[in-house]
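Asker: how does the following fold in three dimensions:
(chains A, B, C and D)
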There are 2 protein chains.
Amino acid sequence: MRTKKTNQKSIFRVAELSDCSISTVSNVLNNKGRFSKATRDAVLKAVKKLKYHPNSAGRSLRLQRTETLGLLFYPSCAEIFRNPFYAEVMEGLEAALLKAGYYLLLAGYDAASSDAEVPGFLRQGKVDGLIFLGRFPSEIIRRFSKFDTPLVLLDSNVEWPVDSVVSDGFSAEVNVVAHLHALGHRRILFLAYNHEDSNIDLRVQGFLAGLRQMGLPDGKKSVIREFMSHDDIYSALRKRLDGPNPPTVVIAVNDTLAMDMMSRLASDGIRVPEQLSIVGYDDHEGSAKCSPSLSTVRVNKVQLGQVGAEMVMNRIKSPDSPVVKSTLPTEFVARGSVEAAPK
Amino acid sequence: MRTKKTNQKSIFRVAELSDCSISTVSNVLNNKGRFSKATRDAVLKAVKKLKYHPNSAGRSLRLQRTETLGLLFYPSCAEIFRNPFYAEVMEGLEAALLKAGYYLLLAGYDAASSDAEVPGFLRQGKVDGLIFLGRFPSEIIRRFSKFDTPLVLLDSNVEWPVDSVVSDGFSAEVNVVAHLHALGHRRILFLAYNHEDSNIDLRVQGFLAGLRQMGLPDGKKSVIREFMSHDDIYSALRKRLDGPNPPTVVIAVNDTLAMDMMSRLASDGIRVPEQLSIVGYDDHEGSAKCSPSLSTVRVNKVQLGQVGAEMVMNRIKSPDSPVVKSTLPTEFVARGSVEAAPK
DNA sequence: TTGAAAGCGATACCAG
DNA sequence: CTGGTATCGCTTTCAA
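Answerer: Model (predicted):
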């Protein structure tokens, strides 16, 4: 009983050295309560001398807050590491979180929750919020959004109220169509994955709206979206190219798809852009370097990460504020993979 | 005083429901101490019903252990995300850590420790150990290894005792040289970065040993290692190619460098492998797909991650066991970028 | 302006 | 076998 306070570890050393109580040390460090300048200086000096950093387990336990966010990937960490799009998003995330003193806990979805409903770290209270990166099936997003842990979708969106940040795919594609139309293109084909994501829907809708604005037919045949694998998408594309009224230009839902189609076309001896123009989306690293360089829609990926990070942190602060669905502007980038339509 | 135990939160609910004390609940969950099958079942039933998961802050505080590892990148998270080599390493890490119930805390080095000596989460006790991924300057590694936090270097190594796992670059390059010699190559040039890492040294040493074994001169001129940037390395290479006795084959210290050199050579109209053969190292995704496909040394990157993960976890268990420097076997992969030396 | 003491949730000793 | 209680390091009343 009498040795009670001697039991305190770290913070107690600081208190000892600066000759005051642990409460005062805590107050100084958190800038709360009142204390004289003299004690403040003494405490700070001791802190520096001991290189003291508050233990985070103690803090978390007391504050019921971990200052850590979960970064969830689908399908797995490794998968995301393969996609350079996310590298830039990470830059933004990293910077914003660092500034706010948050850390990131990593977890591939499939792995982290193999049999469990949600990854263990969520139930164990290891994180204050969640950031979703990748193409999560909406069923999984729904499962998480039932929890009351703050959650933000990066470059992805769903119909129901969940914070999210995406690029303005609608306007972007309207704009792309206008651009292509001006170059004389009249038969434009859109390529996307058969994947439920309202972020993707937006691009498709924008594309169709663009067609209408230009007075072009916007029938079913203008979009290929029945497949998930590049193999299937490519064979559908080939079929269309070999059929009647082949498109003179193809718009892919992202650069990864565009570049893969381009290399498959090259293998098959179909020349881009002479025989077929191609447009991508994202402008990820490599789109400028490939040959021919890829015309695409530039998305500010660093900003995407930044805005996303701020959104989760805001929601942590005010859990009941209205849901935010943020949309970032884009910019068309003309490169070598597009030229005027053949006569 | 009398309401003391009512204060316990989560675990207390379980105790309540299974009609026993919190100590018993804890014992059951950790399989410690003794308890009857009846209580065990009651507890487990309650746990399942309440979907109880022990709070990790409480656990960490008590156990002085977080069951979290820090994944440190150099220079930044984003940088690593750009390199597909690490994607595969991550697969191995992810799998091994998941199985052991460890989580990964992410941190780019530059960001996480901008002004501080080491990243905050280390001092805050947020991690039990550290995994280093990337080309850390040895000065930084030294700084960390002075801490008593377990630490393992993945695909990197230093002279002093720190756990590490690398591929067997020495044997690999001896073998590459033998292979090239058999194809008639006599003038072989090695390309590496001017970067202190005994993992890289190993490859260079293996290369030189290979030359000697084949009775070839192993003078200074057989290695270019004075530069860091691809620009500088390439111009040094070009100079050598245009000089007297140009090499007939180039070995790059990794696939990234090899592929970049290859595309620069192509731009300059130098044909691979007709005019110059090229060999890489790592066999990362894309090495098989590029044109010409790249002859290289295959490293089992998934295994690298796995072994690394196990090494940190072992050291956490037994901090005083001897340092382990693990070396993984490799395999030469012959592809299109190498052909027999011109007459 | 300061400090004693009460917990946050979990584990582990030790007495019953 | 079981349960009371001290303790991990920290923040935060509340009284002095």
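Asker: assign the spatially closest residue to residue A:246 that is not a sequence neighbour to helix, strand or coil.
Answerer: Of all residues not flanking residue A:246 in the chain, residue A:240 sits nearest, at 6.2 Å (C-beta to C-beta, 6 or more residues apart in numbering or on different chains). Quick note: C-beta positions are derived from backbone N, CA and C, even for glycine. For residue A:240, the reduced secondary structure class is helix; criterion used: DSSP: H, G, I helix; E, B strand; the rest coil.
Asker: which residues touch residue A:143?
Answerer: The contact partners of residue A:143, taken as C-beta atoms under 8 Å, 6 or more residues apart in numbering or on different chains, are A:117, A:118.
Asker: the residue nearest to residue A:246 and residue A:223 touch, don't they?
Answerer: No: here residue A:240 does not reach residue A:223: they are 11.0 Å apart, not a contact under C-beta atoms under 8 Å.
Asker: how far away is residue A:93 from chain B?
Answerer: Using C-beta to the nearest C-beta, to the nearest Å, we find residue A:93 at a distance of 8 Å from chain B.
Asker: give me the nearest residue to that residue, chain neighbours excluded.
Answerer: The shortest distance from residue A:93 to any residue that is not its chain neighbour, by C-beta to C-beta, 6+ apart, is 3.9 Å, and that residue is residue A:305.
Asker: residue A:147 - how many residues pack around it?
Answerer: Residues lying near residue A:147 (other C-beta atoms under 10 Å in any protein chain shown) number 13.
Asker: my read is that it contacts residue A:118, right?
Answerer: Yes: counting by C-beta under 8 Å, residue A:147 sits close enough to residue A:118 to count as a contact (6.9 Å).
Asker: one step back: joint contacts of residue A:240 and residue A:223?
Answerer: Counting by C-beta under 8 Å, 6+ apart, the shared contacts of residue A:240 and residue A:223 are residue A:189.
Asker: show me where chain A has its helices.
Answerer: Along chain A, counting by DSSP state H, helices occupy A:10-17, A:22-30, A:37-50, A:56-63, A:77-81, A:84-100, A:109-112, A:120-123, A:138-145, A:169-182, A:198-213, A:230-242, A:255-267, A:301-317.
Asker: got CSV for the ones you listed, with mean pLDDT too?
Answerer: Below are the helices of chain A laid out as CSV (pLDDT from 0 to 100):
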stretch, mean pLDDT
helix A:10-17, 91
helix A:22-30, 94
helix A:37-50, 93
helix A:56-63, 96
helix A:77-81, 77
helix A:84-100, 89
helix A:109-112, 57
helix A:120-123, 88
helix A:138-145, 88
helix A:169-182, 98
helix A:198-213, 96
helix A:230-242, 97
helix A:255-267, 95
helix A:301-317, 96
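Asker: of those, which is nearest residue B:58?
Answerer: Closest approach to residue B:58 among the helices of chain A is made by helix A:56-63 (5.7 Å; C-beta to C-beta).
Asker: before we move on, the earlier item: enumerate every residue touching the residue nearest to residue A:246.
Answerer: Contacts of residue A:240 (C-beta under 8 Å, 6+ apart): A:189, A:224, A:246, A:247.
Asker: check residue A:96 too.
Answerer: Applying C-beta under 8 Å, 6+ apart, we find residue A:96 in contact with A:305, A:306, A:309, A:310, A:313.
Asker: give me the domain ranges for chain A.
Answerer: A:11-54, A:68-167+A:301-328, A:169-299 (automatic domain parsing).
Asker: need those domains in CSV (columns: distance to DNA strand C).
Answerer: What follows is the domains of chain A, written out as CSV (distance: least, C-beta to the nearest atom of the strand, whole Å):
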stretch, distance to DNA strand C
domain A:11-54, 3
domain A:68-167+A:301-328, 8
domain A:169-299, 36
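Asker: which parts of chain A sit against DNA strand D?
Answerer: Where proximity means C-beta under 7 Å from any atom of the strand, the interface of chain A facing DNA strand D comprises A:4, A:7-12, A:22-23, A:26-27, A:29-30, A:32-33, A:52-55, A:57-59, A:61-63.
Asker: so residue A:208 sits against residue A:218, correct?
Answerer: Yes: Residue A:208 is in contact with residue A:218 according to C-beta under 8 Å; the separation is 4.5 Å.
Asker: so between those two, which is more surrounded?
Answerer: residue A:208 (20 against 17).
Asker: how near is that one to residue A:172?
Answerer: 13 Å (C-beta to C-beta, to the nearest Å).
Asker: out of the contacts of residue A:240, who's nearest chain B?
Answerer: Nearest to chain B among the contacts of residue A:240: residue A:224, at 24.1 Å, using C-beta to the nearest C-beta.
Asker: quick one, grab the pLDDT at that closest one.
Answerer: According to the per-residue confidence, residue A:224 scores 97 in pLDDT.
Asker: same check on residue A:1?
Answerer: Note on residue A:1: pLDDT of 31.
Asker: swap in residue A:19?
Answerer: In the prediction, the pLDDT value recorded for residue A:19 is 92.
Asker: who's in contact with it?
Answerer: Residues counted as contacts of residue A:19 (C-beta under 8 Å, 6+ apart) are residue A:42.
Asker: so what's residue A:278 up against?
Answerer: By C-beta under 8 Å, 6+ apart, the contact set of residue A:278 is A:249, A:250, A:251, A:252, A:258, A:261, A:262, A:272, A:294, A:295, A:337, A:338.
Asker: between these, which has the most around it?
Answerer: Of the contacts of residue A:278, residue A:251 is surrounded by the most neighbours, 31 neighbours in total, counting by other C-beta under 10 Å.
Asker: hang on, that residue packs against residue A:192?
Answerer: No: the pair residue A:251 and residue A:192 fails to qualify as a contact (C-beta under 8 Å) at a distance of 9.1 Å.
Asker: give me the beta-bridge partners of the residue nearest to residue A:334 when sequence neighbours are not counted?
Answerer: Here the nearest residue to residue A:334 in space, its sequence neighbours aside, is residue A:295; by C-beta to C-beta, 6+ apart that works out to 5.3 Å. With DSSP bridges as the criterion, the beta-bridge partners of residue A:295 are residue A:279.
Asker: check contacts around residue A:295.
Answerer: Under the contact definition (C-beta under 8 Å, 6+ apart), the residues listed for residue A:295 are A:277, A:278, A:279, A:280, A:332, A:333, A:334, A:335, A:336, A:337, A:338.
Asker: try residue A:155
Answerer: For residue A:155, the contact set (C-beta under 8 Å, 6+ apart) comprises A:85, A:89, A:133, A:165, A:166, A:167, A:199, A:299, A:304.
Asker: which of the residues you listed are close to chain B?
Answerer: Among the contacts of residue A:155, no residue is within reach of chain B (C-beta under 8 Å from any C-beta of the partner chain).
Asker: quick one: which of those residues is nearest residue B:39?
Answerer: The shortest approach to residue B:39 among the contacts of residue A:155 belongs to residue A:133, at 43.5 Å (C-beta to C-beta).
Asker: residues contacting that closest one?
Answerer: If a contact means C-beta under 8 Å, 6+ apart, then residue A:133 has A:71, A:72, A:73, A:74, A:80, A:86, A:89, A:154, A:155 as its contacts.
Asker: between those residues, which is nearest chain B?
Answerer: When the contacts of residue A:133 are compared for distance to chain B (C-beta to the nearest C-beta), residue A:86 comes out closest, at 6.0 Å.
Asker: I figured that closest one hits residue B:80, correct?
Answerer: No: Residue A:86 lies out of contact with residue B:80 (C-beta under 8 Å); the separation is 11.2 Å.
Asker: what is the neighbour count of residue A:198?
Answerer: Residue A:198 sits with 18 neighbouring residues when counted by other C-beta under 10 Å.
Asker: next one: the residue lying closest to it once chain neighbours are set aside from residue B:258, what distance?
Answerer: Here the nearest residue to residue A:198 in space, its sequence neighbours aside, is residue A:157; by C-beta to C-beta, 6+ apart that works out to 4.5 Å. When distances are taken as C-beta to C-beta, residue A:157 and residue B:258 turn out to be 40 Å apart.
Asker: good, we can wrap up now.
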